[in-house]
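> could you work out the structure for the sequence below:
(one chain, ligands or ions: 1)
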Amino acid sequence: MSKYVAKKPDKNGYVKFTEEENQIWKILYARQFDVIQNRACDEFISGLKTLNMPVDRVPQCEEISEVLRATTGWSVKPVNAIIPLEEFYSLLANKQFPAATFIRLREDLDYLQEPDIFHEFFGHCPMLTNQAYANFIQWYGENALVTDKKTQSILGRLFWFTIEFGLLKTTDGLRIYGGGILSSYQETLYALESAAPKRLEFDLATVLKTPYRYDQIQNAYFLLNNLDELFHLKYKPILTVVDEIMGGSEGNDFNVC
Ligand SMILES: [Fe+2]
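Numbering: from 1, shown residues only. Below is the predicted model of the structure:
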């Protein structure tokens with residue numbers, strides 16, 4: 001259950017945000033824009049520039065969709081604060097990224113468990129201008145949609161350790177591409193600079209066997225060599241791989257972000 005309720009778009013798809021909500025966006029955007037410099041990967045920085053989001057008010061879904069359609073053919077879809085997994089997978093399979101149309105309260109500025117519109121727009125949408133990333137999410141949705149709950153739960157780990165909390169090795173050092181990190185001030189610093197978490201080479205079998213917690217900062221991150229590695233996963237018979245390596249594992253309760 002969430003204490004937040006998504007705002008309903010009007011018949012033209014317009015969502016009205018209050019002055020306080022626009023102020024919260026402004027604070028979050030400014031703070032996050034500053035901290036991601038030299039920490040986010042080049043693809044994210046480039047996507048952020050391409051999106052050219054307003055900095056002083058919450059953007060409308062259609063503003064973001066216009067750019068995504070022109071770059072990778074994706075769009076964002078306004079949804080409720082919490083949606084069923086089947087709806088989530090189905091949207092991804094159809095190149096629609098769900099965006100819950102509410103923004104966190106000032107008291108939750110630093111952390112909230114459920115994904116709000118700042119997380120979706122700022123954390124994920126810049127990367128959705130990247131074709132390898134966009135293809136991977138679509139492929140993920142298509143596969144998750146046609147399998148059973150246990151396998152979905154295990155596949156959730158792949159989503160978690162890439163799309164939400166993935167790190168990238170670059171010639172300039174580690175950079176972030178995961179939206180769960182890039183929409184969090186604290187975790188943007190922690191993921192790269194703290195000595196506490198493990199930073200492991202990306203290995204599909206290891207990722208699928210690694211449980212995670214969605215209610216606390218991560219204790220492990222997986223490193224890709226480049227974003228095309230996500231694209232190449234597309235050619236693996238993922239559900240067969242999950243079957244082979246997981247045996248009797250119970251997976252993770254997958255919290256949609
Ligand atoms: Fe997310």
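> can you report how many residues lie near Y89?
As a burial measure, Y89 scores 21 neighbours (other Cβ atoms under 10 Å). Just so you know, the C-beta spots here come from the backbone N, C-alpha and C atoms, and that holds for glycine as well.
> for it, what are its contacts?
When contacts are counted by Cβ atoms under 8 Å, 6 or more residues apart in numbering, Y89 touches G141, E142, A144, L145, Q152.
> TSV for those residues, including pLDDT?
Output for the contacts of Y89, formatted as TSV (pLDDT from 0 to 100):
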residue	pLDDT
G141	95
E142	94
A144	93
L145	94
Q152	90
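> can I get those residues in CSV with neighbour count and distance to the ion?
CSV is the format used below for the contacts of Y89 (neighbours: other Cβ atoms under 10 Å; distance: Cβ to the ion, whole Å):
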residue, neighbour count, distance to the ion
G141, 20, 13
E142, 16, 18
A144, 26, 15
L145, 17, 18
Q152, 22, 16
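> could you check how far Q131 is from the ion?
For Q131, the distance to the ion equals 19 Å [Cβ to the ion, to the nearest Å].
> got the contacts of Y89 as a markdown table, with secondary structure and distance to G123 columns?
Output for those, formatted as a markdown table (DSSP: H, G, I helix; E, B strand; the rest coil; distance: Cβ to Cβ, whole Å):
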| residue | secondary structure | distance to G123 |
| --- | --- | --- |
| G141 | helix | 18 |
| E142 | helix | 22 |
| A144 | helix | 20 |
| L145 | helix | 23 |
| Q152 | helix | 22 |
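> of these, which is the nearest to F33?
Closest approach to F33 among the contacts of Y89 (Cβ to Cβ): G141, at 29.0 Å.
> list the contacts for that closest one?
With Cβ under 8 Å, 6+ apart, G141 has these contacts: F88, Y89, S90, L91, L92, A93, N94.
> before we move on, which element is the fifth one in?
Under the assignment given by DSSP states H and E, the secondary-structure element containing L92 is helix 85-93.
> on that earlier part again, quick check: the farthest pair among the contacts of Y89?
Greatest spatial distance in the contacts of Y89: E142 and Q152, 12.5 Å, computed using Cβ to Cβ.
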